[in-house]
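S.K.: Take this sequence and fold it.
(one chain, ligands or ions: 1)
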Amino acid sequence: MKIIKKIAVALLLILVAMQFYRPEKNTAQGNHTAIFLTETNPPQEVKLILKNNCYDCHSSKTRYPWYNNIAPISYWLANHIKHGKEELNFSEWEGYSNKKKDHKLEEVVEVIEEGAMPLNEYTWTHSDAKLTENQKQLIIEWAKQSRVLYQLNQQPQ
Ligand code: HEC
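M.R.: Residues are numbered from 1 along each chain as shown. Presented below is the predicted three-dimensional model:
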């Protein structure tokens, strides 16, 4: 079975070669979500939930697990982070209009109600990231309150 051996060697070489390419890391410094936190003023518990369960994919700073050093897992994680940030980046909150902020918070309520976030792939490896009913309620309440604020600001003077 020479051919199978050749294929196995080729695959191994590809896997080794992949290790040399490292996707760019998401590593903002300092208080990158300060504006978002000041504006929406989440209660301490919500702040912690967002930090521990959402910022890894929805801010400019990810706490990387050790296996991010292994390709192609690193590619896969980088892809999640890229798409997550495209949808919603709490570190770039100041760049959103009031209308967009309101809409993003509406989506937050939706994904939490549906149990769609954090992504399942994330809760497999971060078992404590699965939100309890009580945590969900707290996020939903806070997001709805913040929406009102942006809706009021949206009114013409
Ligand atoms: C492992 C990465 C990851 C984590 C952790 C994560 N998200 Fe996401 N999120 C994504 C990705 C990727 C998308 C875009 C694709 C999709 O909708 O599945 C997304 C999309 C969203 C959207 C937009 C949905 C829409 O309707 O388009 C919202 C809102 C959101 N996430 C909120 C959250 C909140 C709140 C948390 C924490 C409780 C969270 N996410 C945790 C990766 C993540």
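S.K.: And the helices in this structure?
M.R.: Applying DSSP state H to the chain gives helices spanning 2-18, 34-40, 44-53, 55-58, 73-87, 98-114, 120-125, 133-154.
S.K.: got the contact list for the shortest one?
M.R.: Helix 55-58 has contacts (C-beta atoms under 8 Å, 6 or more residues apart in numbering) with 33, 61-63, 80-81, 84-85, 87-90, 118-119, 122. Every residue, glycine included, has its C-beta placed from N, CA and C.
S.K.: Going through those, which ones are buried?
M.R.: The neighbour count (16 or more other C-beta atoms under 10 Å) marks T33, K61, T62, I81, G84, K85, L88, N89, F90, P118, Y122 as buried among the contacts of helix 55-58.
S.K.: check contacts around the fifth one.
M.R.: Residues near G84 by C-beta under 8 Å, 6+ apart: C57, H58.
S.K.: could you redo the last one with a cut-off of 10 Å?
M.R.: By C-beta atoms under 10 Å, 6 or more residues apart in numbering, the residues touching G84 are N26, C54, Y55, D56, C57, H58, S59, T62, M117, P118, L119, Y122.
S.K.: I'd like to know how far it sits from the ligand.
M.R.: 3 Å (C-beta to the nearest ligand atom, to the nearest Å).
S.K.: The ligand contacts on this protein?
M.R.: For the chain, the residues in contact with the ligand (C-beta under 6 Å from any ligand atom) are 53-54, 56-58, 80, 83-84, 87-88, 107-108, 111, 117-119, 122.
S.K.: For K47, see how far away S127 is.
M.R.: For S127, the distance to K47 (C-beta to C-beta, to the nearest Å) stands at 21 Å.
S.K.: what about these two, which has more around it?
M.R.: Remark: of S127 and K47, K47 carries more neighbours, 15 against 7, as counted by other C-beta atoms under 10 Å.
S.K.: Am I right that that one is in contact with Q135?
M.R.: No. Applying C-beta atoms under 10 Å as the test, K47 and Q135 come out as separate, 12.0 Å apart.
S.K.: Show me what the helix or strand bottoming out on mean pLDDT in the chain is packed against.
M.R.: Among the helices and strands of the chain, helix 120-125 carries the lowest confidence by mean pLDDT, DSSP states H and E, at a mean of 92. Applying 3 or more C-beta pairs under 10 Å, 6 or more residues apart in numbering; DSSP states H and E, one finds that helix 120-125 contacts helix 73-87.
S.K.: How about residues contacting stretch 23-33?
M.R.: In contact with stretch 23-33 (C-beta under 10 Å, 6+ apart) are residues 37-38, 40, 47, 50-51, 55-64, 68, 71, 74-79, 81-82, 84-85, 89-93.
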